[in-house]
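> The following comprises the amino acid sequence and a computationally predicted model.
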Amino acid sequence: MSALVTKMVDEVVSEKVDTNYIRGLLSHVHNLGVMYVCINDDRYENGDDWIDPEDGIRYIIIKLDYQEVKRTPDIRPMMLTKLRERLGNVA
């Protein structure tokens, strides 16, 4: 199974958080789950990662700054940069 890329976002920024773009870049990666979080709330933080004991998939949460996402026309480069940073930390 290739990487699973999901999002939990406010409706206002939903269209900007392009999980298909990241999923395409990770098509060769297995046993990885990435959740982009962009909500006007502090419930989730980078580092809230886990490995599912049943399927062995490592899940990484990447928090995107809500205000920055709202004002940036194309956040795909930001999404990729944050993913690279996180993958460097967990590799």
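It's in. Predicted model only: the values in this text are computed from it and were never measured.
> Helices along the protein, start to end?
Ranges of helices in the chain, per DSSP state H, are 19-25, 66-71, 76-90.
> Please report the confidence value the model assigns to N40.
At N40 the predicted local distance difference test score is 83.
> so where is this protein shaky, pLDDT-wise?
Counting by pLDDT under 70, the ranges of the chain that qualify are 1, 42-47, 89-91.
> Work out which residue lies at the spatial centre of it.
A centroid search over the chain (C-alpha atoms, centre = their mean) returns Y36, at 3.0 Å, as the residue closest to the centre.
> The residue of the chain positioned farthest from its centre and P77, how far apart?
Of all residues in the chain, the one whose C-alpha sits farthest from the chain's mean C-alpha position, using C-alpha atoms, centre = their mean, is E54 at 21.4 Å. As defined by C-beta to C-beta, to the nearest Å, E54 lies at a distance of 34 Å from P77. The way it works is simple: take the backbone N, C-alpha and C, and place the C-beta from them, glycine included.
> can you check D18 too?
D18 is 11 Å from P77, where distance means C-beta to C-beta.
> what's the answer for Y59, then?
Applying C-beta to C-beta to Y59 and P77 gives a distance of 23 Å.
> Fine by me, we can end here.
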